[in-house]
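Student: Show me the folded form of this:
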Amino acid sequence: MSRLLALLALLPALLTAGVSFESDPRPVNRTVPGASYADMLTRIMPAVVSIRTAQVIPPDVLRRYRGRIDPNDVQVDRKTGEVMVPAGLGSGTIIHPDGYVITNRHVVTLPNNQTAETVYVKLNDRREFRAKVLGVDPKTDIAVLKVEERNLPYARFADSDKVRVGDVVFAIGNPLGVGMTVTSGIISATGRSGMGLDYEDFLQTDAAINPGNSGGPLIDFEGRIVGMNTAIRTSGNGGSIGIGFSIPANLMTSVALDLANTGKVVRGLIGVFGEDLTLEEAAKLNLGKSGAVRVSEVSEGLPAAKAGLRVGDILVALDGKPFDGWADLRIAISRRKPGETLVLNFIREGRGSFARITVAARPAGS
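Tutor: Numbering: from 1, shown residues only. Now for the predicted structure:
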């Protein structure tokens with residue numbers, strides 16, 4: 001009987017000896033810090049513009065089709081007297097007070113795949129300017145425009161390499177032509193690809209993006225550009241289902257500088273191609289979860305070959321910094337200018353080494 005009583009006395013301790021769960025005794029916070037972003041948006045929205053393109057109708061075509069063209073579709077440029085019909089609609093961001101505007105290439109591309117010659121930029125204060133397309137880059141879907149006006153409101157760029165999943169972001173633009181609109185969400189993922197471009201490193205967001213938002217900014221809670229809204233995945237109705245993609249700011253700036261200054265993009269080339277290592281292969285080399293790339297091809301006569309890189313080398317860092325994989329490394333190399341020197345750290349037959357490589361210019365169109 002005494003033994004039974006002793007066991008009963010231990011029962012509460014035995015029942016609580018298993019898994020325990022931690023609770024937070026603090027009261028629920030009913031207020032959200034920074035619950036309104038109105039002040040920040042008031043500052044940044046004047047830098048976001050609507051962009052429309054048009055096709056000029058030559059006089060002989062206008063005469064030939066007079067009566068068959070809907071008068072509601074016809075517009076006349078007040079300054080030039082040109083007769084035109086609308087061709088496209090999108091958004092953009094002023095990135096310099098002297099009238100430089102960044103947008104998507106597809107926003108200023110006509111149905112015949114030619115760059116529009118007639119482009120208008122409409123500001124938040126309803127002023128509208130005719131813009132010149134300084135340059136387009138099909139490889140990244142970026143275009144830079146110029147309007148002849150000074151002291152314009154403009155937006156600054158953030159360091160998109162520091163963007164993290166979960167960061168609060170806002171998409172601004174002119175979706176479906178309804179007018180300037182703000183939607184909010186978070187960064188859902190980074191390093192996305194598969195949109196059909198040559199250089200892809202998209203930020204994914206669940207902030208609502210719809211047709212017409214293209215070219216508009218994705219901004220952080222401080223009003224800085226972290227990306228440019230470019231594409232969406234949709235269920236078939238063409239509208240947002242919370243899967244949008246934005247070109248990261250760091251890629252935007254490198255391309256925009258070239259387009260603004262020279263009208264074309266000059267990309268770096270070292271003449272190497274690679275493929276991502278699997279996690280299992282990386283683990284065997286004690287690389288952990290860092291990205292690593294196996295060299296699959298080295299082009300004869302180009303900088304990588306001259307520096308001694310070989311097929312089978314395992315690339316692990318660029319200038320001492322790790323990268324996410326081949327796509328990330330390829331973009332990083334492309335952003336280097338001809339004549340610059342970079343250092344690739346690699347592993348060959350189990351031993352670490354490095355190659356100092358002078359960057360060449362990638363041929364135009366490649």
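Student: On the three-state scheme, the spatially most central residue of the chain is what?
Tutor: Per Cα atoms, centre = their mean, the C-alpha nearest to the average position across the chain is that of I247, at 0.9 Å. With DSSP: H, G, I helix; E, B strand; the rest coil as the basis, I247 sits in strand.
Student: and what of the one 10 residues further on?
Tutor: Secondary structure assignment for L257 (three-state DSSP): helix.
Student: And for N229?
Tutor: When states are read from three-state DSSP, the local structure at N229 comes out as strand.
Student: That one and L218 touch, don't they?
Tutor: Yes: judged on Cβ atoms under 8 Å, N229 makes contact with L218 at a distance of 5.6 Å. Where C-beta positions appear, they are placed from N, C-alpha and C, glycine not excepted.
Student: which neighbours do the two share?
Tutor: Counting by Cβ atoms under 8 Å, 6 or more residues apart in numbering, the contacts common to N229 and L218 are A171, S246.
Student: Neighbour count: those two, which is higher?
Tutor: Comparing N229 with L218 by other Cβ atoms under 10 Å, the one with more neighbours is L218, at 32 against 29.
Student: for the more buried one, what are its contacts?
Tutor: Shown here is L218, whose contacts under the criterion Cβ under 8 Å, 6+ apart are V169, F170, A171, L203, T205, A207, I225, V226, G227, M228, N229, S246.
Student: looking at the sheet around M84, what are its partners?
Tutor: Each beta-bridge partner of M84 is listed here: V56, Q75, as defined by DSSP bridges.
Student: in this structure, what spans have low per-residue confidence?
Tutor: Within the chain, the segments meeting pLDDT under 70 span 1-18, 20-24, 26-34, 60-73, 289, 365-366.
Student: All the helices of it, residue numbers only.
Tutor: For the chain, the helices identified by DSSP state H occupy 2-15, 38-44, 59-64, 249-262, 279-284, 303-306, 326-334, in order along the chain.
Student: Please parse the chain into its domains.
Tutor: Domain assignment for the chain, taken from automatic domain parsing, gives 41-146, 160-262, 268-361.
Student: Verify the contact between R294 and R310 for me.
Tutor: No: R294 lies out of contact with R310 (Cβ under 8 Å); the separation is 11.0 Å.
Student: So between those two, which is more surrounded?
Tutor: Remark: of R294 and R310, R294 carries more neighbours, 18 against 12, as counted by other Cβ under 10 Å.
Student: What residues does the more buried one make contact with?
Tutor: G274, E275, D276, L277, E281, G312, D313, I314, L315.
Student: So in terms of bridging, what pairs with it?
Tutor: According to DSSP bridges, the residues that bridge with R294 are E275, I314.
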